[in-house]
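*Asks:* Could you look at this predicted model? Sequence included:
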Amino acid sequence: MALTLNHLFAVIMLSGAFSLVSAMLFVVMDAVDVAFTEAAVGAGISTVLMLSTMALTVRVQKKTKRQIIFPVLVVFLVGILLIYGTLDMPSFGSFDSPAQMHLGSKYLQITYKDMGIPNVVTAILASYRGYDTLGETVVVLTAGLGVILLLSDLKKRKNRD
């Protein structure tokens, strides 16, 4: 629907709803930390930033004379390739998957001894993946600052005109 709509407000709302549904799917899959990030960044901050950008620009997309057949074809082709790439994955939650056979049991055994934190997920995110989490935070912060700078420049240009 986002490809066919011309009203940018509707496209932004569809994007926010998609992020919210994705966050709910992450909760169902017991990835609450990822769901929280998706809800905060995807459905929250991204939607607010896109709405504020739309307030400084046009609200309706200009009509284009180009056909959208090629982009739609590329999207479907990439979707088919992604689905094909997941066909040999183990079933969700299966006990004989590589993550459950090797890493899962090792983390369960050594995490409390290493850190004294009873929650294994918190220990992994805070300790073992600390640099990764810090990197993700820096990326989100940089993206937010970039959007703020772009929006401030748009507002200045709009006031000059």
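*Replies:* Yep, that arrived.
*Asks:* Would you map the strands across this protein?
*Replies:* Using DSSP state E, the chain contains no strands.
*Asks:* So in it, which helix runs the longest?
*Replies:* As assigned by DSSP state H, the longest helix anywhere in the chain is helix 130-160.
*Asks:* for that one, the distance to its chain's centre please.
*Replies:* Mean-position distance between helix 130-160 and its chain equals 16 Å (Cα atoms, centre = their mean, to the nearest Å).
*Asks:* What is it packed up against?
*Replies:* Counting contacts by 3 or more Cβ pairs under 8 Å, 6 or more residues apart in numbering; DSSP states H and E, helix 130-160 packs against helix 46-56. Bear in mind the C-beta positions are built from the backbone N, C-alpha and C, glycine included.
*Asks:* by contact count, what packs against the helix it packs on?
*Replies:* Packing partners of helix 46-56 (3+ Cβ pairs under 8 Å, 6+ apart): helix 8-28, helix 130-160.
*Asks:* Looking at the longest one now, give me its mean pLDDT.
*Replies:* Going back to what we said before, that points to helix 130-160. When pLDDT is averaged over helix 130-160, the result is 74.
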